[in-house]
Each structure stands twice: as structure tokens, then as C-alpha cells.
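A.B. asks: What follows is a predicted protein model with its sequence.
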Amino acid sequence: MHWADVAAKALSHKGDKHIVSTGITPSGEFHIGHLREILTGDMIARAARNAGLDVEFVFVVDTADPLRKVYEFLGPEYEQFIGHQLGSIPAPDADGNPDWKRFEEGWTYGDHFLKPFLEALEQIGVRPRIIDNLESYQSGKFDALAKIACDRADEIREAIERISGRELAEDWFPWSPLDSKGSLDGVKVTGYEYPLVHWHDSHGVDGTSDISKGEGKLPWRIDWPAKWGWIGVTCEPFGKDHGAAGGSYATGREIVQILGHEAPHPLTYEWISLKGQGAMSSSAGNTIGPIEALELVPPEILRLLVAKSKPNKAIEFDTGMSLVNLADEYERLAARDYTSELANEELSRRQRVQVEDAAGAMRMAAVEEGKVAQATAVTFRHLALLAQTKTTDDAVWDSLRHAGAIEQPTQSLIDRLTRMRAWIDSKHFPLEMKISILDAPNHSALAELNDDERSVLNSLAKALEDCEWNATSIGAAIPQSAKNMELSPKAGYRAAYAALMGKERGPRLAPILAEMDQKKIVELLNACAEHIN
RNA sequence: GGGCCUGUAGCUCAGUCAGGUAGAGCGUCGGACUUUUAAUCCGAUGGUCGCGGGUUCGAACCCCGUCAGGCCCGCCA
């Protein structure tokens, strides 16, 4: 069973109606690590729906969280906003300075980072109900539960201290009021009678905060269970940082009971890291955003990345060769017929599980829920080759038609080619996939050739010199040059690849050579032949 | 110090919850396809299941210990 189906099954034991929730703080650029959170939730919701449950998927945007520090992409002016809520401060402009003008129009820091992420989600087929946390506080959604938290502050303090093993400050209070400047930092609570919390701030000012109007927020460890309560969350995936013993889920599951609700079914997931660069971190500049990723990778393949790995497995992502392998794996999986595979009675239990997991992963990878992926009959590798050798899209389609792979390009294939071209032009495209013809003989590659293959070089140079310079003639000339010497065509290809590309094998040479200068190619071949003799 | 996760074929992993002959994909190697040679098809290769004990008729799986890697125990996502 696919991991999402396992989770759905667990939910089905608890009831028929479910709310799967995810949440992210929009403190900076979103990256594909965040995508795991939201895709994990989306996939559980799909699986639950599949299992006949009534399920809603929500995404809480934590705009009530304060700005923690002046990040590297922010100008020094942001110093004044430290401690202020992300949904109540201006967004950075292109230079990292506060964009006051758009702020007046209602464009906040939170919006700035959220908007592109939501567009990415749209493309990737995730359409959650969005809940703005700051707005939820201000409209009183937290009111009732925040009241219980404040009324029963001692019990909550005891739970946090016992479970997390840390000691809370003497003046700790389960409500963080906004101070006279609008910051959550450095405020001391001096008294409480619902709905007012009295405080003394770091500027020496005294004031009151109205809980029911969201003039402040619950500290994170209470904020989370309170959300579970008022939203009615029954399942929530979260990063392994929250899952640790003494972490916020451990305290949350107990606090939520004090608040009069049940804890949601948890699912901890591992991080996605960039290969060789460790965990993703905006400050280290080694992030890749969902938007950037989608410019290179089709959404269903990005979904497969998350779908095929069980949540507790760390994912290593990179935009080079593993992407090619992932994409080709997608094609292979799409080409299989799972129904007939599963009909085979002779499958061992183990094999059956493997087939089921593959089928499940593909079901979860589909951008449109319930849609069955169609194999495109064109691998990523092949498309990469065509995109590099054909300047126009039409030429690519012609080539594929000619090969009998397609009749008309589908929309998804057209999208894929567009992304492929973007990928090729980007810094991410792996050298290994780049097609290049040598300028000078590659000695070590030539040394690998056997005597037969070497002997073809002269004949090959001559054949190409004499042939008409188009793909068809070149294509005929390469094997013919070997046949002339009573050798198998293989010898001709081997010789050609070693001489022209410095490799043992490669993509079809003829169409590539046809785009190049005949004289140069012949010269290179002659130089290689000479080198050998 | 306390806790969680991970360790299985060259690589990526499944199989661990419900113990019953070690599984896939990729890679590699070989063959076929006499010109779609990054393709396709067929075949083969490949593992002291991190290590040591224990329970059991039987352990990758359960229990105890141990080693290695990652993470958490900060008003923190």
C-alpha cells in the first residue's frame, strides 16, 4: 500500500469526516522543501478521498508570526520591524527595502512570498483552502481557545515544562501581546481579565491587549494546538523538527486536550536537501524555489519526487542528472499497466507490494486528481537531445513523427519541451547531457578503440568528405564506411563517437553533424586518423 | 546528557507494523536489432540485510546491546 493510503486508512478508523492541514511561515522565499509539506498533505487528502472519506485540505499561512531577524535579502530598514507580524509589515522591494507604496495598497511581507508559492501550487495541482493566520486572530477565530489557554495558564505551563523538559520564565503567559510599537518582543504581561491582557513593554509603556481582537498571538506551542481546535484538524504532516520527543507536537497533543479538542493524526516527514549542499537554507543561498523548479521540471515529475519516497526518507534533490533519471523513471512508470500486473497470481507478497507502491506513486503524481498518466513515448534524454539539435519546436515534432513516436504533440509534451529548453539554457543543465563536438582529437578516447575501429577512421573521413551534407547521407555514410572494410557498422559508430565526441557512444550523430561545418568535421577525422598512425 | 529517524545489491530504495526460500528499478556485462547506437528487446551479473548477543523449529523483521550518519530538546515551524 502506498504511504498516503496507509495514512488514509488510519484516518478511516477515526471517522468519516477529516480536515488535513499544513502550515508554513512566509518569512522568506519558499523552496522545494516547503513543497514536501504541502504535497504530503495533498496526497493524504487525495488518498482519503479515494477511500471514500469526506476530506478537506487546508493550508495555514502563518502571517501572525513575527519577523525574527533582518535576513540577508532585507535592507537595514527592516531592523525596525523585528518582532512585528509578517502580515502587518511592508514587503521588500527589489533592493530589499520596505515597499511603502504597495503596503498602503495592502500588499504585505507575507503576501510577497506567498503569492508566487500559490501560483506554483496551482500549477502542481494543489488547491487547498487558504487560512491567513493573522486574519484569523483579528476576526476572533482564536478567541474562545485563547481564553481557555489564559484561564488555564498553569496547566499549560506545567505541560510544556514537563514534556519539553525546559523551564519557562517566571512571567511567562500564554498570550504574546503586541507592544506600543506593534512588536511581540520584550513585552511583559502584568495582568489578565478576559478579554484584556495588561502589559508593560520595552519602551516603558503600559497598555492592554484584547485577545478577542487578536491584538497579539498565542506562543507557537499553543498557537498550533489552538489551530487544530478551531479549524477541526484531524491530520497534519509536519517536519521532523516538530516530531522529536519534547518537540511541539508532543506538547501540542496534550495542550489541545486542555483546550477541549483531540490531537490530529501526525505524520513526520524528512527534509529535502540539495545534493552535496546539505539542507536547504535561504541564507546559504542554496535554495531552489518551486517556481524555478517548475521552469525546468514538469509538475507531475516534481510530484513523483515526493510521492515515491516514504515521508521518513530524506530526499536528495538536484537539478542535474538525478532529474534526468527521475524523469525517465516517470516515463517508465507511466508506461506500465498496473491492473494486469496485479492480476498475476504468481506475484510474491513482496513483489505485489512493489507493484502497488509504484501504482500508488503514479496516482499521487498526477496533477489532475484521478487522471491516469499517459506515457509520452519520449524520454527526457531523447527530448534533451532533440531540443539541443533542433532549433525550432516544429523540427522536434517532425523528428518524433518521423520516428513514429507521436502523431501530434500533446499539450504536456509541448510544455515539456518548453521546460527542456529553459533547463538547457540554465546553469542547472548537466554537462554530461550537453552535446558537443570536439575541436581537437581526444587521445584517450582514441586509445580505447580496437584495431578494427581505428582502421575505419580513414575510410570514415573520406566517406564524410564525399557525402552530401545532410542528415540522411551522413547517416548512411557512417555505417557504410565500416562495411567498405568488411566490418560491422558498430566499428564505424565507435570510431565516429570516439573521434568526434570523445565518447564510446552517444546520440545520433547524423542530424547533429548536418548542423555543423563539413570541412571542420573532416579535418577533425583526418587529424584523428593521423594521430593513430 | 535525553529522545527520534536512518543503515538491505555498485546506486536509489521496497520488504520490518501482522517472523516463513533476500526483492525491484537503475547501473554493469553479454546478445539481438545490417543505419532512430544516450533508443528498443532479450539474457546474465550482483547482498556476512551496519555489527554483537538473545527469543524462536525458523529473524532483515521481535528483544537487549553496540557502531555510524542525520535531526530535535532555544519565544523555536
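C.D. replies: Yep, it's here.
A.B. asks: Tell me the confidence at A:His84?
C.D. replies: According to the predicted model, the pLDDT of A:His84 comes to 95.
A.B. asks: what about it, how many neighbours?
C.D. replies: 20 (other CB atoms under 10 Å). In short, each C-beta sits where N, CA and C put it, glycine included.
A.B. asks: and the residue lying closest to A:Trp230 once chain neighbours are set aside, how many residues sit next to it?
C.D. replies: Excluding the flanking residues, the one nearest A:Trp230 by CB to CB, 6 or more residues apart in numbering is A:Lys141, at 5.2 Å. Per other CB under 10 Å, the neighbour tally for A:Lys141 reads 19.
A.B. asks: next one: phi and psi at the residue nearest to A:Gly502 when sequence neighbours are not counted?
C.D. replies: Leaving aside its chain neighbours, A:Gly502 sits nearest to A:Asn442 (3.4 Å; criterion: CB to CB, 6+ apart). For A:Asn442, the backbone dihedrals (degrees, to the nearest 10) come out as phi -100, psi 110.
A.B. asks: Let me see the contact set for A:Asn442.
C.D. replies: With contact taken as CB atoms under 8 Å, 6 or more residues apart in numbering, A:Asn442 is in contact with A:498-499, A:502.
A.B. asks: ok, the residue in the stretch 51-200 of chain A positioned nearest to RNA strand B to A:Asp185 distance?
C.D. replies: The minimum distance from the stretch 51-200 of chain A to RNA strand B, using CB to the nearest atom of the strand, falls at A:Arg166 (2.7 Å). Per CB to CB, to the nearest Å, A:Arg166 is found 19 Å from A:Asp185.
A.B. asks: So between these two, which is more surrounded?
C.D. replies: A side-by-side neighbour count of A:Arg166 and A:Asp185, using other CB under 10 Å, places A:Asp185 first with 15 against 9.
A.B. asks: tell me which residues of the lengthiest helix in chain A are tucked away?
C.D. replies: In chain A, with assignment by DSSP state H, the single longest helix is helix A:32-50. For helix A:32-50, the neighbour count (16 or more other CB atoms under 10 Å) marks A:32-50 as buried.
A.B. asks: in chain A, which spans are strands?
C.D. replies: In chain A, the strands defined using DSSP state E lie at A:17-24, A:54-61, A:129-132, A:176-177, A:188-193, A:196-200, A:206-210, A:216-217, A:235-239, A:265-269, A:272-274, A:278-279, A:315-317.
A.B. asks: export the ones you listed to JSON lines and tack on distance to A:Asp466 and mean pLDDT?
C.D. replies: Putting the strands of chain A into JSON lines (distance: least, CB to CB, whole Å; pLDDT from 0 to 100) gives the following:
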{"stretch": "strand A:17-24", "distance to A:Asp466": "65", "mean pLDDT": "94"}
{"stretch": "strand A:54-61", "distance to A:Asp466": "66", "mean pLDDT": "95"}
{"stretch": "strand A:129-132", "distance to A:Asp466": "67", "mean pLDDT": "96"}
{"stretch": "strand A:176-177", "distance to A:Asp466": "83", "mean pLDDT": "94"}
{"stretch": "strand A:188-193", "distance to A:Asp466": "91", "mean pLDDT": "94"}
{"stretch": "strand A:196-200", "distance to A:Asp466": "91", "mean pLDDT": "95"}
{"stretch": "strand A:206-210", "distance to A:Asp466": "89", "mean pLDDT": "95"}
{"stretch": "strand A:216-217", "distance to A:Asp466": "80", "mean pLDDT": "94"}
{"stretch": "strand A:235-239", "distance to A:Asp466": "65", "mean pLDDT": "91"}
{"stretch": "strand A:265-269", "distance to A:Asp466": "62", "mean pLDDT": "89"}
{"stretch": "strand A:272-274", "distance to A:Asp466": "51", "mean pLDDT": "79"}
{"stretch": "strand A:278-279", "distance to A:Asp466": "56", "mean pLDDT": "58"}
{"stretch": "strand A:315-317", "distance to A:Asp466": "49", "mean pLDDT": "82"}
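A.B. asks: will you turn the ones you listed into TSV that also has mean neighbour count and distance to RNA strand B?
C.D. replies: What follows is the strands of chain A, written out as TSV (neighbours: other CB atoms under 10 Å; distance: least, CB to the nearest atom of the strand, whole Å):
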stretch	mean neighbour count	distance to RNA strand B
strand A:17-24	22	5
strand A:54-61	21	8
strand A:129-132	16	12
strand A:176-177	24	5
strand A:188-193	15	8
strand A:196-200	20	11
strand A:206-210	16	13
strand A:216-217	25	8
strand A:235-239	24	5
strand A:265-269	19	7
strand A:272-274	20	8
strand A:278-279	12	6
strand A:315-317	19	7
